[in-house]
Every structure is written in C-alpha cells, then in structure tokens.
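Novice: The sequence and its predicted three-dimensional model are supplied below.
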Amino acid sequence: MFFPEFTVTQKTLKNIGTVEYSRAIADSVKILPAWEKQLRKEAITSRIYSLLKTEGTGIDEQTVKASLEGFTENKPQEVTNFDDALKSVKEIGRKLELEEIDIKYINQTLTQRLMPKAKQGAYRTLKKNGKPDPGEILARIVTLFDWLNSLDARENHPVITAAILSAEILRIEPFENFNQSTASMAFDLVLESYSYSLGGLIEIDSYFLSSRKEFEEVLAEIEKNNFDYTHWLEYVTHGFSTKTYNLVEKIKLLEKDTKVAKATGRVKVTERQERIIEYLQDYGLLQNKDFPVVFPGISEDTVLRDLKSLLDRGIIKKSGSTKSSRYELS
C-alpha cells in the first residue's frame, strides 16, 4: 500500500489559507457572464499552451487560442486532444471514486491520432532511467489509487491529495508520452471529485512552466528525502495560492465594471453582441473582413446592427468608415 510521508508546514498552511480565502471571495462576487467566460477561456488557453510547451510540441499560444476559437482551418491535433481531455476530466470527476482506468483514459485522449492506437493510454513497455520497470507500473498505479480512495487521502485537504497524486504519476512516468500532462489532469480529477475546481477559472500549469527548474528540483527531492513530500507540497500550494489570489484580484476589478454596467443598462446584450465583446477581449480589434469568421452564416447587415447597438451604449468604439471600419472596446 502507498502511504506518503509529509509534514503540513506553516508555509503550506498559509498557502492553503490564501486558497480558502480566495475561493470564498470568488464564490461571493458576481460578474457579467461574458467576463466569466473570458476568464475561463484565458485559463484554458494558458493551460493548454503551458502543457504543450512543457511537452515540447512547439505550438505557440496564439495558435492555441485561434484553434480553441475555431478561427483556423489547420487546428493542431494536440490542441483538439488536450481540449477533449480537459472536458473528460469534468465528467470523470463526478464519480464517487477515481480509478486506475481513469488516467489511462485521459492519456488515451491526449495521444489519440498522435500515436499508434495500441499505445494510446497503454503503459510504457520500454525502460526509463531512474523510473520503475514496465512490469512494475500496473502495481504501482493500482496501489496509488487504492491510497487515493482511502480515508487517509480523503482526510487531507484536496490540494494536498491532488499534489501527491500528480507527483507520483510524474515520478513513475507510466506512459510512453504526455506524462506531465496526464499528471496535471490527474491533479484536476481530484479537485473535481472534491468539488474544488473553481469552475475552470484557475490553472497552475503556467506556474510550473515559469518555475521549471524549481519544479524539477523539488520533484527530485521527494526520493532524495526518503520519499517525503513536504517540500513538494509547499511548492505546489504556493503556486496554487498565487494563481487563486490573482484570479480574485481580476474578479474584484470586473465586479466594479459589472456594477457600472448594470447601473447604466449595458449588461443587457444579445448572444451575438456578447460574442463580439468576447472577440474584442481576445483580439482587440474587429473589422468587416472578420465577420464571416466570427459569425459564419450570419449576414453583414445583421452584424452591423449588433455593432451599432453596442456603439450606441458606449460599450465599443469605431474608427474609419465603410469597409475599412475598425471596432474596439471603449
């Protein structure tokens, strides 16, 4: 049976306290649906880009954003897979107990059409220096999930349990490819199962990417310190608390804008008008030539009427005239 050793230090407690405070604020503050959707899009874009960068795919952030929005004909298979995997995490997280088969499914989704079918979600068959032999992987993963569903794990704070699970997957490297991404989504699986996910508004992978050297050093310390996870938990909870705190600061600013919008009647926008606002939040500028991409199948006159409504309420501003018009947020 797997029983992780760790001490909940003052640093870890402080970090978790910041997370709890931030979650309470986030739950109590109301912002416009369009802005909440925008925060969620920013989180998923940053997350997929960070994971793909870590995995060495070379796909840039702008390509990830355009692919998720459907603004490119050549959507990389990796972006499709990672988006699908994140959606699967939300579904799997509803289960009462997580199982070994769940991370195999996540890895299978991440690697579909990128590897031979027989290797998608299959444990590696090749030896890796410093990692368990292929014949040991199944037993290691099964005992890990036995612990995950035990009272010992469920008595921990969700972030602590999630951090330990992801660390073990990283240390075992059970799959041929995308172990980092599988471990990251296993982290989310735990948070989802504890209803602790913050609605997809938070991601920690950009923190791991920006502190890559520390990430690797702290992970290696687990084995050097007789399989003690204390320092790893300090590192992960620090990143998670920083991300949740920054999210709340954004939400507080948007709450002020929401109150102003409600007071002036600007909050009442149609679905297409909301789509225009989202596009301007993402790309900063909308021109007539962009209409067919943003609104396929919708006439130019219809889009212009929506733009005029937003102009009249001071939500957006216009420069230029006729076909060279440029629209931006006010």
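Specialist: Cool, the structure landed. Computed from a predicted model, the values in this text were never measured in an experiment.

Novice: drop to CA atoms for contacts and neighbour counts, all remaining ones
Specialist: Fine.

Novice: per-domain residue ranges of the chain.
Specialist: 10-255, 271-329 (automatic domain parsing).

Novice: Dump the ones you listed to CSV, plus distance to Pro4.
Specialist: Below are the domains of the chain laid out as CSV (distance: least, Cα to Cα, whole Å):
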stretch, distance to Pro4
domain 10-255, 7
domain 271-329, 43
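
Novice: any idea which of those domains scores lowest on pLDDT?
Specialist: Ranked by mean pLDDT, the domains of the chain bottom out at domain 271-329, with a mean of 84.

Novice: Quick one: end-to-end distance for that domain.
Specialist: End-to-end distance of domain 271-329: 17 Å, with Cα to Cα, to the nearest Å as the criterion.

Novice: now swap in stretch 154-163 and tell me
Specialist: 13 Å.

Novice: wait, which of the domains of the chain is closest to Phe2?
Specialist: The closest of these to Phe2 is domain 10-255. By Cα to Cα, the value is 5.8 Å.

Novice: Please state the offset of that closest one from the chain centre?
Specialist: 7 Å (Cα atoms, centre = their mean, to the nearest Å).

Novice: same thing with stretch 278-294?
Specialist: Distance of stretch 278-294 from the chain centroid (Cα atoms, centre = their mean) equals 24 Å.

Novice: Just the buried residues of that stretch, please?
Specialist: 278-280, 286, 291, 294 (16 or more other Cα atoms under 10 Å).

Novice: Would you mind putting the CA coordinates of it into CSV?
Specialist: What follows is stretch 278-294, C-alpha atoms only, in CSV (Å, rounded to 0.1, in the frame of the first residue of the first chain):
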residue,chain,number,x,y,z
GLU,A,278,-15.5,38.3,-26.3
TYR,A,279,-13.8,38.6,-29.7
LEU,A,280,-12.6,42.1,-28.9
GLN,A,281,-11.4,41.0,-25.4
ASP,A,282,-9.3,38.3,-27.1
TYR,A,283,-8.0,40.1,-30.2
GLY,A,284,-8.6,43.8,-29.5
LEU,A,285,-9.9,44.7,-33.0
LEU,A,286,-12.8,43.7,-35.2
GLN,A,287,-13.1,44.6,-38.9
ASN,A,288,-15.7,43.9,-41.6
LYS,A,289,-13.4,41.2,-43.1
ASP,A,290,-13.6,39.3,-39.8
PHE,A,291,-17.4,39.0,-39.8
PRO,A,292,-17.6,35.7,-41.8
VAL,A,293,-15.1,34.1,-39.4
VAL,A,294,-16.7,35.3,-36.2
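
Novice: looking at the domains of the chain, which is buried most?
Specialist: With neighbours taken as mean count of other Cα atoms under 10 Å, the domains of the chain reach their highest mean count in domain 10-255, at a mean of 18.

Novice: that older thread, redo the buried residues of stretch 278-294 as TSV? Include distance to Thr237.
Specialist: Formatted as TSV, the buried residues of stretch 278-294 follow (distance: Cα to Cα, whole Å):
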residue	distance to Thr237
Glu278	31
Tyr279	33
Leu280	34
Leu286	40
Phe291	43
Val294	39
